[in-house]
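Participant: Fold the following for me, if possible:
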Amino acid sequence: MKYDIPVMGTMAHSLVTESEDEYDAFLKYAKSNPDNCIFLVDTYDTLHSGIPNAIRVANEYLTPNGYPLKGIRIDSGDLAYLSKEARKMLDEAGYKDAGICLSNGLDEYTIRDLITQGAKINSIGAGDNIAAPKERVGGVYKLVAVEENKEAKPRIKVSNDSIKTINPGSKKVYRFYDKDTGYALGDVITLNEEEISKDHYTLVHPVETWKKTELKNYNVRSLLVPIFKNGELVYQDPSLQEKQEYCEKEFETLYPEVTRIDKPHEYYVDLSDKLRALKQELIEFHQNEIAKKGKEYVKCAKKN
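Facilitator: Presented below is the predicted three-dimensional model:
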């Protein structure tokens, strides 16, 4: 705004996962932003759910009311392949002017490769991997729950990229320390109501579940502390020096094998059994919904 540079954007995954149904989420977005509808289509399944639902909303709401389907955005998976399939689907539905935006941590090398592979691109969402060093610590906001009747209902985003399939629900994080050495043994992410045994715990890899680490003789502490309660600030912000001292102290608890620059050992950040079961339950729910309704989505999308 300061330099009078035009700004553009698309919907976020949270706007999709907030609703229990992807079509409803797209329809709400279209009604709130009809002049610039670019649907984010990879929340659950790009080809069998996302694009068909985007076309269906265009058929049933945008076009009848004189609004254009500006386009779609794909943010995960094989972008070159998905963009080509998306172009076919949009063209067959009569939306040849609808653009395709590709994103997902793109840099100059992946953009070059997409062009070489013949990806169908009208715009690119790029920035973080071009403007900032790859060695940075990254973080992305994702919606994990929605409050309904004072209860947190878990939500999930499913992706072909396993690292982008989020962990649902309200959670806690615990860290284990070896009683003898003081070194950190690993972290576990649990559901909010879970408590950790003080005597024995088994860390299980969140994806490769056959990787297990038995823990005994440890101290454990919760890493999360409240900052706001009921809208009130309850946290005393440490001074810059105190933050520095805290970081140095915690860094010293990491094994040298974890902190080495070349090929560091993986630091364990695993999921509790309950959280892993909830995650799998929600993944299977959405997969089953797409399996049941996939043909219906495509059929509705082709009605024009």
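Participant: the helices in this structure, which residues?
Facilitator: Counting by DSSP state H, the chain has helices at residues 13-17, 22-32, 51-57, 79-92, 108-116, 128-131, 240-251, 256-259, 273-302.
Participant: got TSV for these, with mean pLDDT, mean neighbour count and distance to Val204 too?
Facilitator: Yep, even glycine has a C-beta here, placed from its N, CA and C like the rest. Shown next, in TSV, are those (pLDDT from 0 to 100; neighbours: other Cβ atoms under 10 Å; distance: least, Cβ to Cβ, whole Å):
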stretch	mean pLDDT	mean neighbour count	distance to Val204
helix 13-17	90	22	25
helix 22-32	95	19	31
helix 51-57	95	28	35
helix 79-92	96	19	32
helix 108-116	92	13	32
helix 128-131	72	13	31
helix 240-251	94	10	24
helix 256-259	94	12	19
helix 273-302	81	15	7
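Participant: Tell me the spacing between the closest residue in space to Asn122 that isn't next to it in sequence and Glu281.
Facilitator: Nearest residue to Asn122, sequence neighbours excluded (Cβ to Cβ, 6 or more residues apart in numbering): Gly99, at 3.4 Å. Distance, Gly99 to Glu281, using Cβ to Cβ, to the nearest Å: 36 Å.
Participant: Also Ile115?
Facilitator: In terms of Cβ to Cβ, Ile115 sits 40 Å off from Glu281.
Participant: May I have the beta-bridge partners of the residue nearest to Asn122?
Facilitator: Beta-bridge partners for Gly99, by DSSP bridges, are Gly71.
Participant: okay, now it: neighbour count?
Facilitator: 16 (other Cβ atoms under 10 Å).
Participant: Who are the contact partners of it?
Facilitator: Gly99 is in contact with 38, 70-72, 122-123, counting by Cβ atoms under 8 Å, 6 or more residues apart in numbering.
Participant: Weed out the non-buried ones from those.
Facilitator: 38, 70-72, 122 (16 or more other Cβ atoms under 10 Å).
Participant: Rebuild the residues you listed as CSV, extending it with distance to Ala152.
Facilitator: Conversion of the buried ones among the contacts of Gly99 to CSV gives the following (distance: Cβ to Cβ, whole Å):
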residue, distance to Ala152
Ile38, 30
Lys70, 34
Gly71, 33
Ile72, 30
Asn122, 38
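Participant: Present those as JSON lines; the columns should include distance to Val146 and pLDDT.
Facilitator: Listed next are the buried ones among the contacts of Gly99 as JSON lines, based on distance: Cβ to Cβ, whole Å; pLDDT from 0 to 100:
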{"residue": "Ile38", "distance to Val146": "23", "pLDDT": "94"}
{"residue": "Lys70", "distance to Val146": "27", "pLDDT": "95"}
{"residue": "Gly71", "distance to Val146": "27", "pLDDT": "95"}
{"residue": "Ile72", "distance to Val146": "24", "pLDDT": "96"}
{"residue": "Asn122", "distance to Val146": "32", "pLDDT": "94"}
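Participant: Against Ala30, how distant is Asn288?
Facilitator: Applying Cβ to Cβ to Asn288 and Ala30 gives a distance of 26 Å.
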